[in-house]
Each structure stands twice: as structure tokens, then as C-alpha cells.
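Visitor: Would you be able to build a 3D model of this:
(2 chains)
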Amino acid sequence: MVHSDADRGTMTKARKGSPEIEEARLRQQAIGARLRRLFDDIVSEPVPEDFLDILRSAEPGVDADDAATRKSGSEPDRS
Amino acid sequence: MSVALREKDLADPARDAAFKRELVALIPHLRAFARTLTGDATAADDLAQDAMLKAWDARASFQMGTNMKAWTFMILRNQFYSEKRRSWRQTELDQEAAERTLMAVDDPSAPVALDELRLGLGMLPAEQREALILVGAGGFAYDEAAKICGCAVGTVKSRVSRARQALQAILDGGHYDRDGAPAGDAMGSILAHAERLSSAR
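Guide: Next up is the predicted model:
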């Protein structure tokens, strides 16, 4: 099978380990590392209190209606 | 007095407690997914809180012991799209998100490299952005990301690949300099690039 020079050039460029491929790979690694840092920086932030407050008020027996009732002073009938 | 018991009255308190512990541990991850997805810290926390509440309300349908992170991420991304469907889903370039991100970039305490990345992320189509975040930062395998996005594994792979190429082109277009080129120059170039993309639509 005969390849033209152009074919051979393309194949050489595409070969794993060529400087171009290697550079692209390294730049992708750098972007990947930055993306993980961006994400992990947010993960390591303290969680705002209102997340836990919202979750607490959604627990059984403490639903929104009850919270409103409590505010006005009367207890919900649980019998 | 009603004889019929509501579902929550039948719930197992021990199971609820275990579910809640696991859900609370996932909150930081939900916030990170929401913020990288939306590029807006306030909107992101609203989205993460909605997703957290939806997960809590649907806890009876969750099978304990399976991947709760993937399950909650799926709830969050579905919520994101149900809110943004009309304006975002088919958008090639999210100009508004890019501008919002630009404003966030004005924070001088944030490192330039991450700002540029945040800006670049905001410019990607949402499908590519979410695929890249899930696989590249969220720690999900391609097949898990595919389940979260409700698409084929091959689709996720191609979205991640296109997202990586686009991000690299955006960052290169901004002439990002590892030695610290002026952020304003880089941003100007990126905005110009954004405008070219947007006017080409």
C-alpha cells in the first residue's frame, strides 16, 4: 500500500507522543486541574446556615404550615 | 380526623436520619455543581437549596446504599433545565452568563487563572458545560454522567471532548499568560471572541 507524502505527514502528526499532541495533552491537563480546583474550592466553603434551616423546617412535624401556626402561637393538632 | 396516614407519617425515622446525614454531607457538592453550572453564586445557592429540598421530599423513592450523589446531581440538573429551558438550553453562547461572570471577575482577591476558567465555562453551551463538570471535576465516570444527564455514554464523551476543545480555544483566544498577563487584556479578548461567536449565530 502506497501513501502520499501528505498522508504520511498527517500520520506523523497524529502519532501519539509527537510534540504537538504532547503539548495539547499537557494544556488539557492544566485546564483539568484548574477545573477541579474551581470546583473543590467551592466544596470546601462552609455551608451557609440557611441550607440546614431549610432542611430542618422540612422535617416531618415541622412542615411549613406548622411553622406558620407556631408563629401565631397555636399548636397544630397531632391527634 | 383523617384515618388515612400521609406518607411522611409512615416514614422510618432512623432511615430519615441516615438519609439526612448523607444529604447534608452532599450540600457542598451540590453548591459546587450549581455554581459551576450557573456561574452565579446567588442563583446557584437557590438552585442547590431547591434540589436539596426536592431530594428530601423524594427520599422515600431513594434506595439507600445506592449513589446518592449521582441521584441528587440529577435532581439539580433537571431543576436547572426546567428553570432555564426556554432561554438557555439551545443557546450556543450564553452572553448573559458570560457578562455576569465578567462582573464576578472584578473581585481582585480571586486568582486570575480561575477567573478565566470560570468565564470560559460560562461561555460553553450548557450541555457541554455540565458534561465537563461532572466528568472533569465532579468525579463521575462517563456512564454515571450519562445517567445524570439522561443521555448515551457516547454523547457524554463527545460533549466532554468538545467542551475541552472549546475551553482551550477560549483560553488561548484570551492570550492567557502563565506569568500573569493583565487580566483586563485577556478579558477583552475573550469578550471579543464571545461577541464574534454570538453574532455568528
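
Visitor: residues near residue A:61, how many?
Guide: Residues contacting residue A:61 under the criterion other Cβ atoms under 10 Å in any protein chain shown number 9. Quick note: C-beta positions are derived from backbone N, CA and C, even for glycine.

Visitor: Check the gap between it and residue B:14 for me.
Guide: Distance, residue A:61 to residue B:14, by Cβ to Cβ, to the nearest Å: 15 Å.

Visitor: do the same with residue B:65
Guide: Counting by Cβ to Cβ - residue B:65 and residue B:14 are separated by 14 Å.

Visitor: Then residue B:114?
Guide: Note on residue B:114: its distance to residue B:14, by Cβ to Cβ, is 42 Å.

Visitor: Tell me which residues of the lengthiest helix in chain B come out buried.
Guide: In chain B, assigned by DSSP state H, the helix with the most residues is helix B:13-38. Across helix B:13-38, burial judged by 16 or more other Cβ atoms under 10 Å in any protein chain shown covers B:16, B:19-20, B:22-23, B:26-38.

Visitor: How about stretch B:36-47?
Guide: Buried residues in stretch B:36-47 (16+ other Cβ under 10 Å): B:36, B:37, B:38, B:39, B:40, B:43, B:44, B:45, B:47.

Visitor: what does chain A have sitting close to chain B?
Guide: A:24, A:27-28, A:31-32, A:34-45, A:47-48, A:50-52, A:54-55, A:58-60, A:79 (Cβ under 8 Å from any Cβ of the partner chain).

Visitor: Type out the PyMOL command that picks the buried ones from those residues.
Guide: Per 16+ other Cβ under 10 Å, the buried members of the residues of chain A next to chain B correspond to this PyMOL selection:
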select buried, chain A and resi 31+32+34+35+38+39+42+43+51+55+58
